[in-house]
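Participant: Next one to model:
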Amino acid sequence: MTDNTLASLQQRIQPFFPGLLGIRLTAATPERVTAELTVRDELCTVPGILHGGAIMAFADTLGAVGTVLNLPEGAGTTTIESKTNFFAPGLVGTIITAECIPLHRGRRTQTWQTTIRNPEGRLIAQVTQTQIVLDP
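Facilitator: Numbers count the residues shown, from 1 in each chain. Take a look at the predicted model:
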């Protein structure tokens with residue numbers, strides 16, 4: 001069986017794009033995934049403002065982790081749809097947080113909603129994504 005502890009999940013994403021972004025998982029269960037991300041200059045689109053693609057990638061990573069925690073043995077996943085609403089900027093030098101919860105966990109698809117907030121709790125973005133379950 002796959003090791004799905006928080007430390008092993010962090011280790012699995014670290015060598016890839018989520019590691020480059022600096023995503024730090026803070027909790028991961030089949031019902032909820034949380035993480036944080038430090039907004040750095042190199043992740044910004046204009047001075048001091050986090051790039052929307054970085055926000056979307058942050059959320060996509062959490063939805064994928066949540067799906068992985070709900071997959072049958074040997075199955076895989078990939079994102080097939082994602083929608084993002086932006087509400088406020090992520091400011092350089094801050095640590096933003098995200099909470100991802102399932103809206104649907106079916107046999108063939110799973111849909112996850114990620115809420116991203118600034119340190120004061122202000123909503124930065126909300127992302128809804130659907131993952132397909134890939135047979136082994």
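
Participant: Number of residues surrounding the residue lying closest to residue 122 once chain neighbours are set aside?
Facilitator: Distances taken as Cβ to Cβ, 6 or more residues apart in numbering place residue 88 nearest to residue 122, at 5.3 Å, with adjacent residues excluded. For glycine as for every other residue, the C-beta is placed from the backbone atoms N, C-alpha and C. Per other Cβ atoms under 10 Å, the neighbour tally for residue 88 reads 13.

Participant: Show me what the longest helix anywhere in the chain is packed up against.
Facilitator: The single longest helix within the chain, with elements called by DSSP state H, is helix 52-68. With contacts taken as 3 or more Cβ pairs under 8 Å, 6 or more residues apart in numbering; DSSP states H and E, helix 52-68 sits against helix 6-13, helix 17-21, strand 24-29, strand 32-38, strand 76-86, strand 95-105, strand 109-117, strand 123-134.

Participant: Quick check: which helices or strands does the shortest one pack against?
Facilitator: Here helix 17-21 is seen to pack against helix 52-68 when contacts are counted using 3+ Cβ pairs under 8 Å, 6+ apart.

Participant: do the same with the fourth one
Facilitator: On a contact count with 3+ Cβ pairs under 8 Å, 6+ apart, strand 32-38 meets strand 24-29, helix 52-68, strand 95-105.

Participant: helix, strand or coil for the residue nearest to residue 122?
Facilitator: Taking DSSP: H, G, I helix; E, B strand; the rest coil as the rule, one finds residue 88 in the coil state.

Participant: what residues are up against it?
Facilitator: The contact partners of residue 88, by Cβ atoms under 8 Å, 6 or more residues apart in numbering, come to 118, 122-124.

Participant: 10 Å instead?
Facilitator: Counting by Cβ atoms under 10 Å, 6 or more residues apart in numbering, residue 88 makes contact with 116-118, 120, 122-125.

Participant: so what's it scoring on pLDDT?
Facilitator: pLDDT recorded at residue 88 is 98.
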